[in-house]
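A.B. asks: Predicted model, plus sequence, below.
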Amino acid sequence: MNADGRTRLNQTPEWTALAKHREELGEVRLRELFAADPGRGTGYTLRVGDLYVDYSKHLITDETLRLLRELAAATDVSGLRDAMFRGERINTTEDRAVLHTALRAPRDAVIEVDGGNVVPAVHAVLDKMADFAGRVRSGEWTGHTGKRIRNVVNVGIGGSDLGPAMAYEVLRAFTDRDLTVRFVSNVDGADLHEATRDLDPAETLFVIASKTFTTIETVTNATSARTWLLNALGGGEEAVAKHFVALSTNAEKVAEFGIDTANMFEFWDWVGGRYSYDSAIGLSLMIAIGPDRFREMLDGFRLVDEHFRTAPAESNVPLLLGLLGVWYGNFHDAQSHAVLPYSHYLSKFTAYLQQLDMESNGKYVGRDGREVEWQTGPVVWGTPGTNGQHAYYQLIHQGTKLIPADFIGFAEPVAELSDELKDQHDLLMANFFAQTQALAFGKTPDEVRGEGVPEELVPHRTFKGDHPTTTILARELTPSVLGQLVALYEHKVFVQGAIWNIDSFDQWGVELGKVLAKRVEPALTEGADVPGLDASTRALVATYRELRGRR
Ligand SMILES: O=P(O)(O)OC[C@H]1O[C@H](O)[C@H](O)[C@@H](O)[C@@H]1O
């Protein structure tokens, strides 16, 4: 028992029961499970909104699912979920509410933080964003010299970059193709250079996205962007006012930087950075796709929020996905989780999920302040599937590691493709279905022999199978479907954090590097002596200075 009145996760009877069940199951053969239950292919499926979710190719039985749900009940996942939706301060280490779900609440909803309803402010900002996006899109908003805005450059990093950058790619077919939208995140000057080198400053709007407005990379890039602009256009504050807007929770710092707070789009400390792209942080996306599409996306988020909040455990998709991750991470020693979209437009989706999942659940200290004795968040990785097939799938099929994977695909190609390109879609999806089939069922030595393969090659050409996958299939990729997918993963991450008893909403682990970077910088620039610098770093810094001719 802990100070917080909870039994340690790995001492609960539900955990023990799962460990025993795992032992009894031994090596699960998916071929056998499918042979024993002809209804498995349709029975082990769920629907949420437009998403069809097949979890039949998992190393589980009805009993596994029952025991996993008992673990969720014992760890009170639904209690924490309800506390989150109610606006309680479940981010205990930062003493904050966790209310990204309020960002997509309907206008008439009431969600209180500290006795005040936050929903009217959410919609006021959405309306302000819609008004601004509309003016940029129509050409009514002009730059300092009177030219219309044709380029939007979002400057931000982490949650202030990955979400909008990912969603912009996903929804490219819905964007205004006359606008150039780019995302700059890296403090490496090459990023801003490449993003701006062919742009006319007079036609360029910078959207400075930073929750805290203190992030060194973003403030540095924003300062350089301002210099680039003013060098070209002249002018001062009036020019900045026409070419810079800010997305932030920190009005004071925004004003200090020189952006008029009238040009600031606000959000709040109860929105985590990695949960923020449907807040003001989505402004670049909204300018690209228009306010109506943005609202459709929010509707998609809301649909899955409602499902997560109200669906019973047996049909609750985020709960299921979270539990499957626990099953592999905690009872099969899986270290990673692959997300493999079969859509070119989802090329940045997994990178986005990396922050969502790994920054949320990469923790070794529990909410009780004690070190956990169980695995927490997995390494999340992956790229669009067909490309992966010709690169790293070999290891998934025949390597020595267990890598559970999500396959995400769509029945319809994007509408604007030519007929010829649309015809390629069946081939893409044939690969999609073939891969999960091969991963699950493999190829036995006898099957290989049956093909006349020489005996010495049989082991090499045998596929053991039993590599677990979830298939997520939707009719087409729309703004709403994107919202549904993102909310699905947000809540999956929530479920796992709740079970592991960690605070999924802080990120103390990124702080140390930031502090050390500030300390080391004067050593690089001025050769300053940094007291306490270790021998390795000291030698590296000296070599760096030598290579730059700074001796
Ligand atoms: O939006 P900002 O305040 O600039 O923060 C940007 C990012 O930097 C931090 O280091 C955090 O790890 C991220 O969670 C955050 O999204």
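C.D. replies: Noted; the coordinates are in hand.
A.B. asks: Show me which residues of the stretch 451-551 of the chain sit near the ligand.
C.D. replies: 507, 510 (Cβ under 6 Å from any ligand atom). Just so you know, the C-beta spots here come from the backbone N, C-alpha and C atoms, and that holds for glycine as well.
A.B. asks: So which residues of the stretch 451-551 of the chain form helices?
C.D. replies: Remark: helices assigned in the stretch 451-551 of the chain by DSSP state H, counting those that start in this stretch are 479-500, 511-526, 535-547.
A.B. asks: could you dump these to CSV with mean pLDDT?
C.D. replies: Formatted as CSV, the helices of the stretch 451-551 of the chain follow (pLDDT from 0 to 100):
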stretch, mean pLDDT
helix 479-500, 98
helix 511-526, 91
helix 535-547, 95
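A.B. asks: Just name the most buried of those.
C.D. replies: Mean neighbours per residue, mean count of other Cβ atoms under 10 Å, is largest over the helices of the stretch 451-551 of the chain for helix 479-500, with a mean of 24.
A.B. asks: Format the helices of the stretch 451-551 of the chain as a markdown table; extra columns: distance to residue 40.
C.D. replies: Shown next, in a markdown table, are the helices of the stretch 451-551 of the chain (distance: least, Cβ to Cβ, whole Å):
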| stretch | distance to residue 40 |
| --- | --- |
| helix 479-500 | 22 |
| helix 511-526 | 47 |
| helix 535-547 | 54 |
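A.B. asks: ok, residue 507 touching residue 359?
C.D. replies: Yes. Taking Cβ atoms under 8 Å as the definition, residue 507 is a contact partner of residue 359 at 5.1 Å.
A.B. asks: give the contact list for the residue nearest to residue 442 when sequence neighbours are not counted.
C.D. replies: Closest residue to residue 442 apart from its sequence neighbours, by Cβ to Cβ, 6 or more residues apart in numbering: residue 465 at 2.5 Å. Counting by Cβ atoms under 8 Å, 6 or more residues apart in numbering, residue 465 makes contact with 29-31, 438-443.
A.B. asks: Work out which residue lies at the spatial centre of this protein.
C.D. replies: By Cα atoms, centre = their mean, the chain has its centre lying nearest to residue 353, at 2.5 Å.
A.B. asks: now it: how far from the ligand?
C.D. replies: According to Cβ to the nearest ligand atom, to the nearest Å, residue 353 and the ligand sit 14 Å apart.
A.B. asks: Helix, strand or coil: sort out that residue for me.
C.D. replies: Here residue 353 is helix, with the state taken from DSSP: H, G, I helix; E, B strand; the rest coil.
A.B. asks: My guess is it contacts residue 489. True?
C.D. replies: Yes. Here residue 353 reaches residue 489: they are 5.7 Å apart, a contact under Cβ under 8 Å.
A.B. asks: Return the residues in contact with the nearest residue to residue 476 once chain neighbours are set aside.
C.D. replies: Setting aside the residues directly before and after it, residue 476 is nearest to residue 412 in space (Cβ to Cβ, 6+ apart), at 4.1 Å. Residue 412 sits next to 425, 475-476 when contact means Cβ under 8 Å, 6+ apart.
A.B. asks: Which members of those occur in strands, if any?
C.D. replies: Per DSSP state E, strands hold no members of those.
A.B. asks: Looking at these, spot the one nearest residue 177.
C.D. replies: Using Cβ to Cβ, residue 476 is the member of the contacts of residue 412 that lies nearest residue 177, at 19.1 Å.
A.B. asks: My read is that the closest one contacts residue 409, right?
C.D. replies: No. Judged on Cβ under 8 Å, residue 476 makes no contact with residue 409 at a distance of 10.9 Å.
A.B. asks: More neighbours: those two, which one.
C.D. replies: Counted by other Cβ atoms under 10 Å, residue 476 and residue 409 do not tie: residue 409 has more neighbours, with 22 against 13.
A.B. asks: quick one: that one from the ligand, how far?
C.D. replies: Remark: distance between residue 409 and the ligand (Cβ to the nearest ligand atom) = 29 Å.
A.B. asks: and the residue nearest to that residue when sequence neighbours are not counted, what does it touch?
C.D. replies: Counting by Cβ to Cβ, 6+ apart, residue 342 is the residue found nearest to residue 409 once chain neighbours are left out, at 4.0 Å. Shown in contact with residue 342 (Cβ under 8 Å, 6+ apart): 384-386, 407-410, 428-429, 431-432.
A.B. asks: how about the residue nearest to residue 442, phi and psi?
C.D. replies: Torsion angles at residue 465 (phi, psi; degrees, to the nearest 10) stand at phi 80, psi -160.
A.B. asks: so what's it scoring on pLDDT?
C.D. replies: At residue 465, the pLDDT value in this model is 97.
A.B. asks: ok, now how distant is it from residue 426?
C.D. replies: Here residue 465 is placed at a distance of 25 Å from residue 426 (Cβ to Cβ, to the nearest Å).
A.B. asks: about what we covered before: from the contacts of residue 465, which two are the most distant?
C.D. replies: Spatial extent of the contacts of residue 465 (Cβ to Cβ) is set by the pair 29 and 438 at 15.1 Å.
A.B. asks: What separation do you get for residue 102 and the ligand?
C.D. replies: For residue 102, the distance to the ligand equals 18 Å [Cβ to the nearest ligand atom].
A.B. asks: and that residue, helix, strand or coil?
C.D. replies: Applying three-state DSSP: residue 102 is helix.
A.B. asks: pretty sure it is touching residue 119, no?
C.D. replies: Yes. Judged on Cβ under 8 Å, residue 102 makes contact with residue 119 at a distance of 6.3 Å.
A.B. asks: Name the residues contacting each of the two.
C.D. replies: Overlap of the contact sets of residue 102 and residue 119 (by Cβ under 8 Å, 6+ apart) consists of 109, 111.
A.B. asks: Looking at those two, which one has more neighbours?
C.D. replies: Between residue 102 and residue 119, residue 102 has the larger neighbour count (other Cβ under 10 Å), namely 24 against 18.
A.B. asks: Which pLDDT does the model give the more buried one?
C.D. replies: 98.
A.B. asks: still on that earlier bit, I'd like to know which of the contacts of residue 465 are part of helices.
C.D. replies: Counting by DSSP state H, the contacts of residue 465 place 30-31, 438-441 in helices.
A.B. asks: Which of those sits closest to the ligand?
C.D. replies: The closest of those to the ligand turns out to be residue 439 (Cβ to the nearest ligand atom; 33.0 Å).
A.B. asks: For the closest one, the count of nearby residues, please.
C.D. replies: Using other Cβ under 10 Å, residue 439 has 24 neighbouring residues.
A.B. asks: The closest residue to it other than its chain neighbours: neighbour count?
C.D. replies: Leaving aside its sequence neighbours, residue 439 sits nearest to residue 467 (Cβ to Cβ, 6+ apart; 3.9 Å). By the measure other Cβ under 10 Å, the count of residues near residue 467 is 25.
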